[in-house]
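> Test case, fold it:
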Amino acid sequence: MPTTVNRFAFQVLVNAASPQPHTVLRWLYDPLVDGTDLSAVWSASAGDVFAVGLGGKILHYNGTSWTAQPSPTTADLAGVWGSSGTDVFAVGTGVILHYDGTSWTVFSYVTLFQSPLSLIGVWGSSGSDVFVVGDVGVILHYDGVTLAQQASPTVNLLAGVWGSSGSDVLAVGEGGTILHYNGTSWSAQPSGTTNFLAGVGGRTGSDVHAVGDGGTILHYNGTSWSVQSSGTASALYNVWGIAASDVFAVGEGGAVLHYNGTSWTAQPTPTANTLIGVWGSAGSDVFAVGEVGTILHDNGAAWSQQASGTSNSLYGVWLRTASDLFAVGDGGTVLHFNGAGWTAQPSGTTSLLNGVWGSSGSDVFAVGNGGTIRHYNGSGWSPQASGTTVDLAGIWGTSGSDVFAVGTGTILHYNGTSWTTHATVTRGGTPVAVYGVWGSSGSDVFVVGDFGLIAHYDGTTWTVQTSGTQSALFAVWGSSGSDVFAVGDVGLIAHYDGTSWTMQASGTSNALWGVWGPSVSDVFAIGDSGSVVHYDGTSWIAQTSPTLGTLFGASGSSGTQALVVGDFGTVLRGSR
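Predicted coordinates:
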């Protein structure tokens, strides 16, 4: 370990001003259904639990259900701790947040050489004695008035912090690093390992556990650290206990280990997702959180999974109003948002659903693989006979009795009573995949697909239009019949002015899967690697997106009510 103290200059901003309003949409995760990782959990009581994760995700459990709390950041959050349910701190990439029982605010920004510094662990003996640790060995302390840096004897990343009091604090991290604070200064302790240590927790200063890579579990008796057999080679990320004989460690592959005071044993869990955080209010009320929004609860008898959203990919979204929208995806997933929260609706199918559209909140259609068509009447979903077994990719209509659905080699039409084949689409006798459909009216409908396909229906006849490309086009939308956009492979964007199609520079080579806008000068296209590009009536400009996952579907009701869905249950909301 280094014998000299390494100091770094940080720009610490306390009570920083709120960001200025954006002139374009700011994209934020919808935390309940984004399917993104949860990193840490902490509870004030059985009915007051907080979990935090990627993209500024903050969830709260009231003893009955989980709800999303508005977060003032899109930075990844890694740690959470509080002195009470009205005094909670969360830390992440370059930011410290605070919750006062009413709302979350930015407590401080933390930068190193003008770049956000990764903060990972937080713990305190009280609301005026709080420690934060993170990258390059950083240790910050809040005394109730000032947030200040403390001298750290390491430049190794510190991942976890815990103490029995303000003068007996331990921090662990990279390379088997263990530091101890005696109320005056930090010093290194020999750990006996070079494995990464990810978490530390205990009951008293002489009964502490640290966990890490390769199933490493160390125990501290107040004098020295010793190795305990974990029975696993899986990485362990966190540890928490209520008593010397009731300790939990969580990690890779859904691993949960329990210590009874003598030995560690594996407990069965209902997930194979990596678990990253663990905390409880009692031995019969323990929460573990992790990948793709996983939340587990142990009631003292068994672990069960609690709903935090979905990790299924979402491919289609339709928004009627801000309090009435539907998203569909893998495994027959149908989600509905009522303005307060998302709920899963039984679709009656396990088929992948690709598209959704409705004429009202009680007249909604979803289409998917194998010719699947489901209809929602305001009470439940029921099947409709499509007359085909081909995969259906898109749906749009003018009313409940004038609906078009498209798929491989086919265009279907619904007249309010039944679905019939409206047209077939082939190339050299081989069916051509048709992916998207949109129209300004029932006699002005556009479809797009493979080989640069664009076809137009004038109320009588379908005709092929020259697109200018042989690459696949995946989606189509317009503000009117003379202002239509089609998007597709390798960042293709084509525009129709009522006479002909011309290519527009998108600024990206990523495939674009969806397009939507509230006006001719306010259009969004979304796609691979979290791509979001915006059209202001003149040119396309890339926007900052909080995800690298593929985005498939876009919808909205106004320039300030935009919604995008994608991989792993990702839901992004656009707000100005």
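> Count the neighbours of the nearest residue to T408 once chain neighbours are set aside for me.
For T408, ignoring the flanking residues on the chain, the nearest one in space by C-beta to C-beta, 6 or more residues apart in numbering is V390 at 4.2 Å. C-beta: built from backbone N, CA, C; applies to glycine. If you count neighbours by other C-beta atoms under 10 Å, V390 ends up with 18.
> V390 and G553, how far apart?
Per C-beta to C-beta, to the nearest Å, V390 is found 20 Å from G553.
> How many residues are close by the nearest residue in space to L548 that is not next to it in sequence?
Beyond its immediate neighbours in the sequence, the residue positioned closest to L548 (C-beta to C-beta, 6+ apart) is G530, lying 4.8 Å away. Applying other C-beta under 10 Å, we find 22 residues neighbouring G530.
> just A233 next, same as before
A count of neighbours around A233, defined by other C-beta under 10 Å, yields 10.
> before we move on, what SS does it have?
Classification of A233 into helix, strand or coil gives coil, according to DSSP: H, G, I helix; E, B strand; the rest coil.
> Name the nearest residue to it, sequence neighbours excluded.
In space, not counting the residues next to it along the chain, A233 is nearest to G215; the distance is 4.9 Å by C-beta to C-beta, 6+ apart.
> again with S43
For S43, the nearest residue in space outside its immediate sequence neighbours is V49; the separation is 4.2 Å by C-beta to C-beta, 6+ apart.
> got it, and Q345?
Q345's closest residue in space is V334 (C-beta to C-beta, 6+ apart), at 4.5 Å.
> How much space separates the residue nearest to S43 from S281?
8 Å.
> Overlap of the contact sets of the two?
Contact criterion C-beta atoms under 8 Å, 6 or more residues apart in numbering; residues shared by V49 and S281: S43.
> Neighbour count: those two, which is higher?
Set V49 next to S281 and count neighbours by other C-beta under 10 Å: V49 wins out with 26 against 16.
> Am I right that the residue nearest to S43 is in contact with D285?
No - look at V49 against D285 with C-beta atoms under 8 Å: they stay out of range, at 9.1 Å.
> Need the residues touching each of the two.
Overlap of the contact sets of V49 and D285 (by C-beta under 8 Å, 6+ apart) consists of S43.
> Report the next helix or strand after the helix or strand where G280 lies in sequence order.
Counting by DSSP states H and E, the element that carries G280 is strand 275-282. Counting by DSSP H and E, the next helix or strand C-terminal to strand 275-282 is strand 285-290.
> Can you tell me the strand partners of that next one and which way each runs?
Based on DSSP bridges, the pairing partners of strand 285-290 within the sheet are strand 275-282 (antiparallel), strand 295-298 (antiparallel).
> among those strands, which is the most enclosed?
Mean neighbour count, computed with mean count of other C-beta atoms under 10 Å, is highest for strand 275-282 among these, reaching a mean of 23.
> any idea how far the closest residue to G361 other than its chain neighbours lies from G574?
Closest residue in space to G361, ignoring its immediate chain neighbours: D324 at 4.7 Å, by C-beta to C-beta, 6+ apart. As for D324, its distance to G574 is 17 Å (criterion: C-beta to C-beta).
> Which of the two has more residues huddled nearby?
Set side by side, D324 and G574 give different neighbour counts by other C-beta under 10 Å, the larger being at G574 (22 against 18).
> Show me what that one is bridged to.
Listed by DSSP bridges, the beta-bridge partners for G574 are W27, A562.
> same check, this time on G566
Note on G566: beta-bridge partners L551, judged by DSSP bridges.
> Tell me, how many residues neighbour it?
If we define neighbours as other C-beta under 10 Å, then G566 has 29 of them.
> Spit out the contact partners of it.
For G566, the set of contacting residues under the criterion of C-beta under 8 Å, 6+ apart consists of S313, L314, I526, G530, T547, G549, T550, L551, F552, G553, L572.
> Need the contact partners of the helix or strand hosting H495.
When elements are defined using DSSP H and E, H495 is found to belong to strand 493-496. Contact with strand 493-496 is made by 446, 454, 465, 467-469, 473, 478, 482-488, 501-506, 512, 515, 525, 540, as judged by C-beta under 8 Å, 6+ apart.
> Give the PyMOL command for selecting the buried subset of those.
Command for PyMOL that selects the buried part of these, burial taken from 16 or more other C-beta atoms under 10 Å:
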select buried, resi 446+454+465+467+469+473+478+483+484+485+486+487+488+501+506+512+515+525+540
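> Select from the contacts of strand 493-496 every entry located in strands.
Counting by DSSP state E, the part of the contacts of strand 493-496 found in strands is 446, 454, 473, 478, 483-488, 501-504, 512, 515, 525, 540.
> quick revisit: can you tell me how far the residue nearest to S43 is from S521?
Taking C-beta to C-beta as the measure, V49 and S521 are separated by 45 Å.
> Ok, V41 next?
For V41, the distance to S521 equals 44 Å [C-beta to C-beta].
> So between these two, which is more surrounded?
Neighbour tally, V41 and S521, criterion other C-beta under 10 Å: the higher count belongs to V41, 29 against 13.
> That one contacts V289, correct?
Yes - here V41 lies in contact with V289, judged by C-beta under 8 Å, at a distance of 4.6 Å.
> ok, T269 - contacts?
G254, A255, V256, L275, A288, L296, W303.
> quick one: which of those is most hemmed in?
Neighbour tally across those (other C-beta under 10 Å): the maximum, 31 neighbours, falls on A288.
> Run through the bridge partners of it.
Applying DSSP bridges, one finds that A288 bridges with V278, L296.
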